[in-house]
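Asks: below is the structure, and that's it, no one-letter string:
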């Protein structure tokens, strides 16, 4: 078995990997044909990664079909919108779901305004929670 490729947190390739992990998991979940929901994650202090697109990811399920786009526009929102600093995102993507530090980092970031979420991620389904550890296993942190 060959080792998995790892990606640097916040890089365009990393966002593409996250999108692929989400699409693969959503397809395996046998989504209802009438499910339409969107998730947008913005790095609030993110750099421009393509003309008009900044660090972040848009993930859509439209009539049961998942897709994604790397990069988000400054005011873009979804049914679920996450705003996070690059530093907090990097820390979260080092911690597996079973690590109690994950919840502590999230709570501290919520309290100090470095993380916020609008909408209900449970609308995506239970499959969504299972993607975190796969993303962590494929993530290396930047030196920044």
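Replies: Alright, I've got the coordinates. Note that this is a predicted model, so its numbers are computed, not measured. Numbers count the residues shown, from 1 in each chain.
Asks: contacting residues for residue 31?
Replies: With contacts defined as C-beta atoms under 8 Å, 6 or more residues apart in numbering, residue 31 is in contact with 61, 64, 65, 66, 125. For every residue, glycine as well, the C-beta is placed using N, CA and C.
Asks: quick check: it is in a helix.
Replies: No - using DSSP: H, G, I helix; E, B strand; the rest coil, the assignment for residue 31 is coil, not a helix.
Asks: show residues contacting the longest strand seen in the chain.
Replies: In the chain, taking DSSP state E as the definition, the longest strand is strand 53-62. Residues from elsewhere that reach strand 53-62 (C-beta under 8 Å, 6+ apart): 10, 15, 18-19, 22-23, 26, 31, 35-43, 46-49, 66-74, 76, 78, 86, 124.
Asks: note down every partner strand of it and its orientation.
Replies: strand 37-43 (antiparallel), strand 48-50 (antiparallel), strand 65-72 (antiparallel) (DSSP bridges).
Asks: that older thread, buried subset of the contacts of strand 53-62, written for PyMOL?
Replies: For the buried members of the contacts of strand 53-62, the matching PyMOL selection, counting by 16 or more other C-beta atoms under 10 Å, is:
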select buried, resi 10+15+18+19+22+23+26+31+35+37+38+39+40+41+42+43+46+49+66+68+69+70+71+72+76+78+86+124
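Asks: quick one: closest of the strands paired with strand 53-62 to residue 94.
Replies: Among those, strand 37-43 comes nearest to residue 94, with 15.9 Å by C-beta to C-beta.
Asks: can you map out the helices along the protein?
Replies: Applying DSSP state H to the chain gives helices spanning 12-28, 86-92, 100-111, 131-137.
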